[in-house]
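*Asks:* Show me the folded form of this:
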Amino acid sequence: MKFPNVVTVAQLAGFDEVIDVRSPAEFAEDHVPDAINCPVLDDAERAAIGTLYQQVSPFDAKKRGAALVAKNIARHIEEKFAGHGRAWRPLVYCWRGGKRSGAMAHILSEIGWNAAQLEGGYRAYRREILAQLAALPQQFRYRVVCGPTGSAKSRLLQALAAAGAQVLDLEGLASHRGSVLGNLPEQAQPAQKMFDSLVWNALRKFHPDRVIYVEAESRKIGQLQVPGALLECMRASPCVLIEAPVAERVAFLVQEYEHLLGDPQDLKAKLDCLAGLHSKDTLARWMKQIEDKRWDELVADLLANHYDPAYRRATLKNFAHLAEARVLRPSKLNRAALEQLAAQLIAEAQE
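*Replies:* Numbers count the residues shown, from 1 in each chain. The predicted structure is shown next:
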């Protein structure tokens, strides 16, 4: 079924709501950012129809599928769409722009809404996203915020965003702080495809005449790969380097990673992952510091013997303009100090 009102990915912004009618499992892996999931077949129904198609007959599968699709569309209209006025403009998509989205779009159109169907569905969207991620990053100018672990780089990005600057928070999009201890409490990372979509969605909203602030990252943030073209642009861009007192960094990290300090056994398990990089004596010392809850001592030790050397090696190797970086030397890493740094950077960018 091909719905007559068909649009492309480039026209996404022209609609009031984007409706993904694929199953919840398909939606969870990746979807158009800000889309809502209104499956015409849920995961179990989709599997059952597929089995019926293969083991009984395509006719019986279509007959049963049509009944389920009609029932589910009716439920979505009653529960999610009934409050919309005549001017509401929805865009509907499924896996490849076929029957699932066609059925939903047709019924919404028959009601009187100006509904459209995404040409090629999610597959076309995914192809377009990958193509844009290969080209879009080159349209912008970046300032890469560098600094060793505990320099409050992410907090500086937040202060910059609050002050009106363009900020690409890759760790926020990846739901990870970018180190062996970087998992966020009770928050899983998105799938790689979803991360790609989130990065694309952020980039497409930026203005090319204004600089984008982004934190220096390695190729991977947790389990996710930073898009290659974006990483290349970041590594070739001017840098801003934060040099904060070690005591401030330790205090910041103790507060920032409070959730880890409350679970010593989990913290030990995470540090065990560093066994191949450090001696048994060093690992034993860290474990004893955890057992004794000497948090400031542990954090300072980890900075001096693991994080700082690793960060120096990685940034010097990967960021070509680090030696020419604008150096910021805050005496504190509190909110007021970071807001002051953000205002200073924004003012300098406008000169």
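
*Asks:* Residue 128 in helix, strand or coil?
*Replies:* helix (DSSP: H, G, I helix; E, B strand; the rest coil).

*Asks:* what's near enough to touch the spatially most central residue of the chain?
*Replies:* Residue closest to the average C-alpha location in the chain (CA atoms, centre = their mean): residue 173, at 2.4 Å. Residue 173 is in contact with 190, 195, 198-199, 202, counting by CB atoms under 8 Å, 6 or more residues apart in numbering. Quick note: C-beta positions are derived from backbone N, CA and C, even for glycine.

*Asks:* Let's see that with 10 Å instead.
*Replies:* 189-190, 194-199, 201-202, 221, 224, 226 (CB atoms under 10 Å, 6 or more residues apart in numbering).

*Asks:* how is the chain carved up into domains?
*Replies:* Using automatic domain parsing, the domain ranges for the chain come out as 6-131, 140-350.

*Asks:* In terms of mean pLDDT, which of these ranks lowest?
*Replies:* Note on the domains of the chain: lowest mean pLDDT is at domain 140-350, with a mean of 93.

*Asks:* Apart from its chain neighbours, what residue comes closest to residue 216?
*Replies:* Leaving out its chain neighbours, the residue that sits closest to residue 216 by CB to CB, 6 or more residues apart in numbering is residue 146, at 4.5 Å.

*Asks:* Bridged to the one you found, which residues?
*Replies:* Bridge pairing for residue 146 (DSSP bridges) gives the partners residue 241.

*Asks:* And it, how far from residue 327?
*Replies:* Residue 146 sits 10 Å away from residue 327, going by CB to CB, to the nearest Å.

*Asks:* For those two, indicate the residue with more neighbours.
*Replies:* Higher neighbour count among residue 146 and residue 327: residue 146, with 20 against 12, using other CB atoms under 10 Å.

*Asks:* Near residue 28, how many other residues are there?
*Replies:* The number of residues near residue 28, taken as other CB under 10 Å, comes to 14.

*Asks:* same question but for residue 335, I mixed them up
*Replies:* For residue 335, using other CB under 10 Å, the count is 12.

*Asks:* Name all residues that make contact with it.
*Replies:* Contacts for residue 335 (CB under 10 Å, 6+ apart) come out as 152, 155, 158-159.

*Asks:* Same check on residue 242?
*Replies:* 145-148, 150-153, 156, 249, 325, 327-330, 333, 338, 341.

*Asks:* How about residue 9?
*Replies:* So residue 9 contacts 32, 93, 118-120, 124-129, 131-132 (CB under 10 Å, 6+ apart).

*Asks:* Could you dump those into TSV with distance to residue 288 and neighbour count added?
*Replies:* As requested, those are exported to TSV (distance: CB to CB, whole Å; neighbours: other CB atoms under 10 Å):
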residue	distance to residue 288	neighbour count
32	50	20
93	56	31
118	58	28
119	62	17
120	59	19
124	57	16
125	52	25
126	49	16
127	53	12
128	54	16
129	48	22
131	53	11
132	51	18
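
*Asks:* before we move on, back to that, name the nearest of the contacts of residue 173 relative to residue 10.
*Replies:* Closest approach between these and residue 10, by CB to CB: residue 201, at 13.9 Å.

*Asks:* That closest one is in what secondary structure piece?
*Replies:* According to DSSP states H and E, residue 201 maps onto helix 192-204.

*Asks:* Send me that helix as PDB with only the CA atoms.
*Replies:* Output in PDB follows, covering the C-alpha atoms of helix 192-204 (Å, rounded to 0.1, in the frame of the first residue of the first chain):
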ATOM      1  CA  GLN A 192      24.700   2.900  18.300                       C
ATOM      2  CA  LYS A 193      22.100   3.700  15.700                       C
ATOM      3  CA  MET A 194      20.100   5.800  18.300                       C
ATOM      4  CA  PHE A 195      23.300   7.700  19.200                       C
ATOM      5  CA  ASP A 196      23.900   8.500  15.600                       C
ATOM      6  CA  SER A 197      20.400   9.900  15.300                       C
ATOM      7  CA  LEU A 198      20.900  12.000  18.400                       C
ATOM      8  CA  VAL A 199      24.200  13.400  17.200                       C
ATOM      9  CA  TRP A 200      22.600  14.200  13.800                       C
ATOM     10  CA  ASN A 201      19.600  15.800  15.400                       C
ATOM     11  CA  ALA A 202      21.900  18.100  17.500                       C
ATOM     12  CA  LEU A 203      24.100  19.000  14.500                       C
ATOM     13  CA  ARG A 204      21.200  19.900  12.200                       C
END
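
*Asks:* contacts for the helix or strand just after that helix?
*Replies:* Per DSSP H and E, helix 192-204 leads on to strand 212-215 as the next helix or strand towards the C-terminus. For strand 212-215, contacts defined as CB under 10 Å, 6+ apart pick out 137, 140-147, 151, 153-154, 156-157, 159-161, 165-172, 178, 202-203, 206, 221, 226, 230, 233-234, 237, 240, 342, 345-346, 349.
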